[in-house]
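# 3D model of this:
(one chain, ligands or ions: 1)
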Amino acid sequence: MFFRPRRSGARSVVRAAALILSAPVLSTIALSTLVLSTLSAGVAHAQVASAPFNVTNPAYGANGNDTADDTQGIQNAINAVPSSGGEVYIPAGTYYLSGPLTVSNKPIAFRGEGARVTNLIRRGAGDGIVFTSSSSVNQGFAVRSMSFLREDGGGGAAISGSWPTPGAYASLGPVTATIHDVHISAIPWDYNGRFWRAGIVLHNVTNAKIYAFNIHMTQSWPHAGQPDIETGIDIKGASINVQISDGDVSRMHRGVTVRDQSEAIFIKDVETGEGEYGFHLWNAGRGSVISGCHANMANGIRVENTSDVTISNNLLFGNFGAEKNAIKIVNQSWAHGARFRITGNVMHALSPMSNFGIVIDGYSTESLIQGNSTSGMDVGIWLFNPNTTHYIVSGNRNWASPNTFIDGGAGTLNVDNH
Ligand SMILES: [Ca+2]
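Residues are numbered from 1 along each chain as shown. This next block holds a predicted model:
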């Protein structure tokens, strides 16, 4: 019982409650659908305020069939959405942005016709869509079915959302942010110097779902002149209960980052490639999960000063190189060092030696490393810090990984590792 995930019961309740509560809310997408069906039932036009705000309406002025700047046209449609919320519809076509699109303090859903069908081309430095709510942790924000392509300039996030710091029980609220069927990249393919600093950034979000995404820069990382904070998806602030699934990030410094106090972040079936870190959690809260993911990066998964993380059934390949790691956990105090589960992962170094499979460093306890496979590493599994205690390390296989060092501190079990 020492190794049971102590919070799993509580989290299941929270997630179940979130699912139940999300159904009637679903912010603006459900609202628009409701309005449309109400319309077809013959209800008076006075009630259609929340029907989609089509950016190509002449009253707004965007045009997806010409090369003129569409920033103001789309912004006009955003501005026309009432404070009660609505859907901004961007039909198939190519739209040019010379500045960011901004939404402040109203629920809004952006809908295109599909990634690579509705294309937003960003010229110049800065963000793409910026949503800010300072009034409610549950104010809805959705983006679906469109591409964000940077044509020149660097920096900025393609999609950015920010909410006030959530209070107690915020996790019982509705699904706040939904982002899916989005493609984030740069054009043209052969040019060095055009990329986003981040694909998607969510700050203080409660209950978000990000899925069916493709974030792929055209120039291989490292990008000249770009800071090492480039991230495909960046979850920060005190975010809670975010599900990131079924997508891929490549040619960024990091694939997915979770930081600050963010907790209960579920990362599933996500592929990362051609960068420095696949998945990086640091100074984050408890209860995050990385499962069924794939990284082909210099480092696979890095966890710093973060507790209660499950890392399971991942495939971590890489040209790891000296001092690189498939999985590394490093904690600077007991406050963050408990209850890791590292199970069923397959790790393989493409350029053998001088690199590591699983490394546990610093203050860390009450954890399980079981049924993992490493190959081609100089060191398969390494627990060396006397402050790493009460680990069970069992049934792991280190193929062509000549060194396995399992010492650790008090209460460490080393059973059937080869
Ligand atoms: Ca245009």
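# my guess is Ile215 meets Ile233, correct?
Yes - counting by CB atoms under 8 Å, Ile215 touches Ile233, with 7.3 Å between them. All C-beta spots, glycine's among them, are computed from the backbone N, C-alpha and C.
# Settle it for me: which of these two has more neighbours?
Set Ile215 next to Ile233 and count neighbours by other CB atoms under 10 Å: Ile233 wins out with 31 against 26.
# For the strand or helix carrying that one, give me every contacting residue.
Here Ile233, judged by DSSP states H and E, is contained in strand 231-236. If you take CB atoms under 8 Å, 6 or more residues apart in numbering as the criterion, strand 231-236 is touched by 157, 197-203, 205, 210, 213, 215, 242, 244, 249, 252-260, 262, 265, 272.
# Tell me which other helices or strands the helix or strand following it touches.
Scanning forward in sequence from strand 231-236 by DSSP H and E, the next helix or strand is strand 240-250. Other helices and strands packing on strand 240-250, by 3 or more CB pairs under 8 Å, 6 or more residues apart in numbering; DSSP states H and E, are helix 8-22, strand 206-216, strand 231-236, strand 254-259, strand 263-273.
# Out of these, name the one with the poorest average pLDDT.
Note on the helices and strands packed on strand 240-250: helix 8-22 shows the lowest mean pLDDT, a mean of 37.
# ok, which stretches of the stretch 51-200 of the chain are strands?
Ranges of strands in the stretch 51-200 of the chain, per DSSP state E, counting those that start in this stretch, are 53-54, 86-89, 93-97, 101-104, 108-111, 118-122, 129-132, 141-150, 157-162, 177-186, 198-203.
# got CSV for the ones you listed, with mean neighbour count and distance to the ion too?
Below are those laid out as CSV (neighbours: other CB atoms under 10 Å; distance: least, CB to the ion, whole Å):
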stretch, mean neighbour count, distance to the ion
strand 53-54, 20, 14
strand 86-89, 24, 16
strand 93-97, 22, 6
strand 101-104, 18, 14
strand 108-111, 24, 17
strand 118-122, 24, 9
strand 129-132, 22, 17
strand 141-150, 25, 14
strand 157-162, 24, 19
strand 177-186, 23, 19
strand 198-203, 26, 24
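# Rebuild the ones you listed as TSV, extending it with mean pLDDT.
TSV is the format used below for the strands of the stretch 51-200 of the chain (pLDDT from 0 to 100):
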stretch	mean pLDDT
strand 53-54	98
strand 86-89	97
strand 93-97	98
strand 101-104	98
strand 108-111	98
strand 118-122	97
strand 129-132	98
strand 141-150	97
strand 157-162	97
strand 177-186	96
strand 198-203	97
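# Could you measure from the residue of the stretch 151-300 of the chain found nearest the ion over to Phe195?
The ion sits closest to Glu151 of the stretch 151-300 of the chain, with a gap of 13.3 Å, by CB to the ion. For Glu151, the distance to Phe195 equals 11 Å [CB to CB, to the nearest Å].
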